[in-house]
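build me a model:
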Amino acid sequence: MDEVIQDNEDMAEAAATKLKVGATFDSYAEVQFAIHAYQTRNFVQLYIRDSRTFCNAARRAANKNVNPRLKYKEINFACVHGGRKYKSHSNGVRPNQKTFLMDCPVSLKMRMTPDGQSLIVKSFQEQHNHSISKVSFLSLPQRRKEPPPVLLSNSYKTDSNAPAAHVQASKPTPVVDIGRVVETMRKIPGATVHVKTSTTEQNKTLSSIFFQTAHMKNLFQAFPDVLLIDASMKHNETNIPLYLLMIIDSNGELHIAGLFMALLEDSATTVHFISSFKASNPNHTRTECIVADPGMPHRDLLAVHFPNVTMSMSELHTLRAFRREVSTEKLGISPDQKTACLQTMEKMVSAQSKEEYDENYNILQFLDIPQVLVYFNDNWHGKREEWVTGLRSEHKYFVTTAPKHLEMTIQKVRNIIRKSSSVPAFFIDVMKCIDSLAVEKGQKVVDMVQKVKLIPRSSEAAASEEGFGRVLTPHALGLVKQQLQLALSITVIRNVKPAGMLQVKAETCPCGFFRVLKLPCRHIFAARRGKGFDEFDATLCFQRWTRQYYLDHCGMARPQLADTVVDQMRDPPACLDASQQEKYSKAVHLAQRLALAAARLPHHDFVQAVSCLETVASAWERQEQVIVASMDPTPQIQNGTYTSLSSMSVQEAGVDEDSCQPPRKKICQD
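Predicted coordinates for the structure are as follows:
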């Protein structure tokens, strides 16, 4: 293993020194390796200032027999602090704005050789006009974005045979105690933990963890219709992504029904996530729609492994992706162009029809910004049925309130994650947040059961609304009330079957609202009114939307992380070594038992107990011995009054090194 590491270091050093005028490279991969080695060795950050690929070069000259591995015909690198002139247009309104640009003259120019088989360094200016240091290099955003190598403690080790391009010898590597997290997950009663490891001849590297508690599995068992996947959160220090799996309950709110942590974001990890989810949830065959984050790596694999499921994107994820990718830095556009493009794209998201979408798409084309058009056509235009409001499938009725609840849920979990300093603490905080959300949802169920909404009698559909209100949850009732109002504007034609009109019965309807939600639609209400039937009929409502179903599956707040598990996962102070941290974990559990017992004492006894504990703490801080002795708690008469001795006393035993006298004792009585 040492020989492999040494070979990689020698290759990196050779590649870095090779980067000089006249040097040739047979592939773009060799260029990337040399640039990476040069950056790591010299603590500088380069970026591609401009380039010309073979496709663009072919428009200006005849095709040649070129090496396809080169990718570029011309490529210019520049320092991150230079590359282009920067002139500030600030009026001083925002005085705290800063920029990386310092007009640094460093540049590296490469051109394809005349025979088209390699890239050659034409010029290389290496003199910077700013200070260079390892600390400033590691603090650059480009360095922070790269996921650091992960050291796995306990039974898991780092894969030393990983490609050299992923090794950053100059960057400190945080220790990730994944083994401890997995062990604690498995101690939770009824929890399902699927771990994927990448095994080599000598090492085992953990790559992903799928986790579900028994309550999470029960939630998906009860509400499998729509599955939402959010992949927008990562652990701050290790950059480990956290996927949240969520379902929509009877009241239109979201519940977290699973967690997935991915140390590697490759296709094999995504396949493991899908297979683990299927193995833990046999009810996945009833899933009709998956609303997946567009930022999820290898998202297309979901459609492959769920062929009968409709893929969709939420408005929140779509807008967030637009704001992240359509930027002046990534696409090289001006701030005004960025604003115009984002405004047009936001209108596309909320378009209610194909005509409205096409109108805004034409506006985007009229702006004539090639970079934005290429990005949009490659990533979004072909999938517009997944994210445009008016073009999405009929399952859009399911996610009517999802954007608001999704944003609230993600924000609550993200606020907790920011406070975590390690992966074990990260897991604890997420689970505490999930428990808190469960308590919040449980309180809403209690309020629903205890309170009944008043319905104004002036409404034409008051009687029907009152009947549905006794059966349905508030969210489902709101959907039905909208359909009752829309039914007033529908004309019923009997015994006629003109083209383009729905054939509706008093109990069923072919419209998307009824097919997806299985709630009475406006067409059914109009048909029942035309036939003289009562609009209210409890049999028209699918069971998942009823109050009783909601109460049975969401009515109790179920803590999913036991207190004993939390104690085991609590992070010891970083100032302790390994042996001291193990002692700390054992002592914390006993200290909590003392605190619980002391809290149950009467006030007078509690004051004396605290005084006794303070004596013990002071003695241990001075590294003195403490002896605990039991005493008779029976009341005794002294000077005509009753007194009570503590059932326990604490004695400090301090030995004087210069004396042979017995150790002094101090008794603290309760």
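
just the buried residues of the helix or strand Asp605 falls within, please?
Under the criterion DSSP states H and E, the helix or strand holding Asp605 is helix 603-621. By 16 or more other C-beta atoms under 10 Å, the buried positions in helix 603-621 come out as 609, 612-613, 615-616, 619. The C-beta positions use only the backbone N, C-alpha and C, and glycine is treated the same way.

looking at these, spot the one nearest Ala425.
Leu613 (26.5 Å; C-beta to C-beta).

right, and that closest one touches Ala595 too?
No: with contacts counted by C-beta atoms under 8 Å, Leu613 stays clear of Ala595, the gap being 9.1 Å.

report the central residue of the chain.
Met233 (2.8 Å; C-alpha atoms, centre = their mean).

so that residue versus Ile428, what's the distance?
15 Å (C-beta to C-beta, to the nearest Å).

and the longest helix seen in the chain, what other elements does it pack with?
Assignment by DSSP state H gives helix 423-450 as the longest helix of the chain. The helices and strands touching helix 423-450, judged by 3 or more C-beta pairs under 8 Å, 6 or more residues apart in numbering; DSSP states H and E, are helix 178-187, strand 254-262, helix 402-417, helix 547-554, helix 563-569.

which of the ones you listed sits closest to Gly512?
Using C-beta to C-beta, these put helix 402-417 closest to Gly512, at 16.8 Å.

for that closest one, packing partners?
strand 226-234, strand 241-248, strand 254-262, helix 315-325, helix 423-450.

as a markdown table, those with mean pLDDT and distance to Gly512 would be great.
Shown next, in a markdown table, are the helices and strands packed on helix 402-417 (pLDDT from 0 to 100; distance: least, C-beta to C-beta, whole Å):
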| stretch | mean pLDDT | distance to Gly512 |
| --- | --- | --- |
| strand 226-234 | 86 | 14 |
| strand 241-248 | 89 | 17 |
| strand 254-262 | 89 | 22 |
| helix 315-325 | 89 | 19 |
| helix 423-450 | 77 | 27 |
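
redo these as JSON lines? Include distance to Glu30.
Below are the helices and strands packed on helix 402-417 laid out as JSON lines (distance: least, C-beta to C-beta, whole Å):
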{"stretch": "strand 226-234", "distance to Glu30": "31"}
{"stretch": "strand 241-248", "distance to Glu30": "30"}
{"stretch": "strand 254-262", "distance to Glu30": "30"}
{"stretch": "helix 315-325", "distance to Glu30": "29"}
{"stretch": "helix 423-450", "distance to Glu30": "36"}
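
which one of these lies closest to Leu519?
Using C-beta to C-beta, those put strand 241-248 closest to Leu519, at 13.9 Å.

CA atoms only: put that closest one into PDB for me.
Taking C-alpha atoms only, strand 241-248 is exported to PDB below (Å, rounded to 0.1, in the frame of the first residue of the first chain):
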ATOM      1  CA  PRO A 241     -25.400  14.100   1.400                       C
ATOM      2  CA  LEU A 242     -28.600  13.400   3.300                       C
ATOM      3  CA  TYR A 243     -31.600  12.200   1.300                       C
ATOM      4  CA  LEU A 244     -35.000  12.700   2.900                       C
ATOM      5  CA  LEU A 245     -37.800  10.400   1.900                       C
ATOM      6  CA  MET A 246     -41.200  11.800   2.500                       C
ATOM      7  CA  ILE A 247     -44.900  10.900   2.100                       C
ATOM      8  CA  ILE A 248     -48.100  13.000   2.000                       C
END
